[in-house]
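[1] Need coordinates for the following:
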Amino acid sequence: MSEKDIKTTSDENLRHRHAPVFIAAFVMVSVVAVSVFIYNNRGPKPPGGELKLPPPYGWHTSEDVGTKFTDGLNLVTVTPHGRGPLRLISARPVMDSGKSVLVIETLARINPDMLPPNAEVGSFQQGLGFPPTQPHAAGAMPVEGLIVQPPEPGENRWIELQIGLEVIAPGRSVRRGIELVYEYEGNRHIAFIPSYVAYCAPATVECEPEYDK
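    Predicted structure coming up:
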C-alpha cells in the first residue's frame, strides 16, 4: 500500500470516528432547543376573561416604627365568563428597595362569600394590626390553595388581598403592584394588580405619593 493510500484510509477512519460525535452534539442541541420551546409554551399565561383587573390606583400613609397594619385595598373582579374554578397559588407584593416596612404575609378573602355575618363593608383600605382587628375585615385565609368559583350571572364576586405589614425603620418604602398567581383550566396564570402604595415612617412625616409620579 502506498503512502497516499495509507493517508486516505487514515482520513476516512478519522471522519467516521468523529461522525457519531457530531451527530450526538446535533441531537443534544436539538433536544435543548425543543425543551426550551416547551418550557416557554408551558410558562405562566396572562389572565383571560375569568378575571377583570382594576385600573391603576394608589394611596399613601405614614406610621410609627413598630406599627403593624393591614393593607386591604387590593381587589380583582372574578367574572361570570369563567368556565370553572380558579385555584390561587400565591400573591407577591412588588416592593422597591426601601427598608422601612416588612411584608409579614398576604391573606385572601373572596367577597361577598367570605364576609363575616352581618358585615356591611366588603373591602377596606387600612386595618389595625395583622390580621386586621376590625370585625368587618375578618375571614381572610392563606392564599395558597384557595378555590374561587365564578359568580352566577348577575352576581358580583371579587378577590380581596390583605397584606400584613410592619414598620421597622424610618424612611419610605413603595409597593408598585401585586403579582397574583393562580391555576385555571389546567394552566398557570399571572395577574398583575396595579395597586400602588407609599409607606413612610415616622407618623409625623409627610409621605410622598407614588401613584402620582
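
[2] For the residue nearest to P194 when sequence neighbours are not counted, give its distance to L75.
    Distances taken as Cβ to Cβ, 6 or more residues apart in numbering place P56 nearest to P194, at 3.9 Å, with adjacent residues excluded. Any C-beta I mention is one placed from the backbone N, CA and C, and that applies to glycine too. To L75, P56 is 13 Å away according to Cβ to Cβ, to the nearest Å.

[3] Same drill for these two, tell me which one is more crowded.
    Remark: of P56 and L75, L75 carries more neighbours, 17 against 12, as counted by other Cβ atoms under 10 Å.

[4] for the chain, what spans make up the helices?
    3-41 (DSSP state H).

[5] Run through it and note the low-pLDDT ranges.
    For the chain, residues meeting the criterion pLDDT under 70 lie at 1-42, 212-213.

[6] Quick test: name the residue nearest the centre of it.
    E179 (2.5 Å; Cα atoms, centre = their mean).

[7] which other helices and strands contact the longest strand along the chain?
    Secondary structure of the chain per DSSP state E: the longest strand is strand 171-184. The contact analysis (3 or more Cβ pairs under 8 Å, 6 or more residues apart in numbering; DSSP states H and E) places strand 171-184 against strand 86-95, strand 157-167, strand 187-193, strand 195-201.

[8] now for those strands, which one comes closest to E120?
    strand 157-167 (15.0 Å; Cβ to Cβ).

[9] Show me what the closest one packs onto, helices and strands only.
    The contact analysis (3+ Cβ pairs under 8 Å, 6+ apart) places strand 157-167 against strand 68-71, strand 75-78, strand 86-95, strand 101-111, strand 171-184, strand 195-201.

[10] Mind checking those strands for the one nearest to P153?
    From these, taking Cβ to Cβ, the stretch that ends up closest is strand 75-78, at 12.9 Å.

[11] So what's the gap between the closest one and the chain middle?
    Centroid separation for strand 75-78 versus its chain: 14 Å, with Cα atoms, centre = their mean, to the nearest Å.

[12] returning to what we had before: mind giving me a markdown table with the helices and strands packed on strand 157-167 and columns for distance to P131?
    Formatted as a markdown table, those follow (distance: least, Cβ to Cβ, whole Å):
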| stretch | distance to P131 |
| --- | --- |
| strand 68-71 | 7 |
| strand 75-78 | 18 |
| strand 86-95 | 15 |
| strand 101-111 | 7 |
| strand 171-184 | 18 |
| strand 195-201 | 18 |
